[in-house]
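K.L.:
give me the fold of what follows.
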Amino acid sequence: MKFVTTPIPDLLIIESQVWKDERGFFMETYNQNPFKTQGIAATFVQDNLSCSHRGVLRGMHAQAGDNAQGKLVRVLHGRVLDVAVDIRKHSETFGQSFSLILDGNGAKSLWIPPGFLHGFLSLEDNTLFAYKVTGFYDKTGELGVRWDDPDLAIDWPMDRDELIVSEKDQQLPFLSDIVSPF
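P.N.:
Down below sits the predicted model:
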């Protein structure tokens with residue numbers, strides 16, 4: 001595994017090695033030892049999977065409190081624009097976002113530690129998005145920020161009228177209206 005830094009500290013791209021032959025391919029998507037070497041001593045407690053149509057935008061979400069979640073995200077089938085926003089109060093990159101394309105043909109995943117909002121836009125039908133989390137779901141720790149917050153200035157690669165956004169996500173506050181618990 002290769003760990004690639006991003007402009008935001010602690011947010012890492014993980015590139016898995018792929019072994020291909022006439023049968024197909026094999027790759028490790030997670031191995032505790034290289035993660036520990038990178039200073040990530042995460043214990044994953046839950047695996048999640050979503051299937052989304054083209055244009056589905058899920059985000060921007062975080063979970064704080066006793067079950068604050070770090071996430072290891074990847075796409076099994078299809079393609080997304082994946083976005084993380086730093087909401088750690090004392091971070092020099094507070095409010096900054098990082099995005100990348102993840103797809104089912106690639107060997108990339110993204111490590112998003114606690115203290116980040118996360119969201120993604122499905123760019124293809126039947127996109128399977130898989131993620132491991134370090135905290136159990138806890139409704140009392142849920143928080144979120146509007147996907148279209150002008151202060152975040154996220155460049156979503158679809159027209160607004162093509163997006164499918166849940167009613168709940170449309171009602172989230174702007175970043176300037178929340179007090180980060182991180």
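K.L.:
can we go C-alpha only for contacts and neighbour counts from here?
P.N.:
Noted.
K.L.:
what about the residue at minimal distance from the centre of the chain, which SS state?
P.N.:
Using C-alpha atoms, centre = their mean, the residue of the chain that lies closest to the mean C-alpha position is His118, 4.5 Å off. Assigned by DSSP: H, G, I helix; E, B strand; the rest coil, the conformation of His118 is strand.
K.L.:
surely it touches Ala62?
P.N.:
Yes - using C-alpha atoms under 8 Å, His118 is in contact with Ala62, at 6.4 Å.
K.L.:
picking up where we left off before, so what's the residue nearest to the centre of the chain up against?
P.N.:
With contact taken as C-alpha atoms under 8 Å, 6 or more residues apart in numbering, His118 is in contact with 59-62, 82-85, 112.
K.L.:
now with 7 Å?
P.N.:
By C-alpha atoms under 7 Å, 6 or more residues apart in numbering, His118 lies in contact with 59-62, 83-85.
K.L.:
these in helices, which ones?
P.N.:
Counting by DSSP state H, those place none of their members in helices.
K.L.:
nearest to Leu72 among these?
P.N.:
Nearest to Leu72 among these is Ala84, at 11.7 Å by C-alpha to C-alpha.
K.L.:
how near is the closest one to Ile8?
P.N.:
Distance, Ala84 to Ile8, by C-alpha to C-alpha, to the nearest Å: 10 Å.
K.L.:
neighbour count for the two, which is higher?
P.N.:
Applying other C-alpha atoms under 10 Å to Ala84 and Ile8 shows that Ala84 carries more neighbours, namely 28 against 17.
K.L.:
doesn't Leu12 make contact with Leu110?
P.N.:
Yes - the pair Leu110 / Leu12 is scored as a contact, 5.8 Å apart, by C-alpha atoms under 7 Å.
K.L.:
could you pull out the strands for the chain?
P.N.:
Counting by DSSP state E, residue ranges of the strands within the chain are 2-5, 12-15, 18-21, 24-27, 46-52, 56-63, 71-77, 79-86, 97-103, 108-112, 116-122, 127-133, 142-144, 164-165.
K.L.:
mean confidence for the fourth one?
P.N.:
Spelled out, it's strand 24-27. The pLDDT scores in strand 24-27 average 94.
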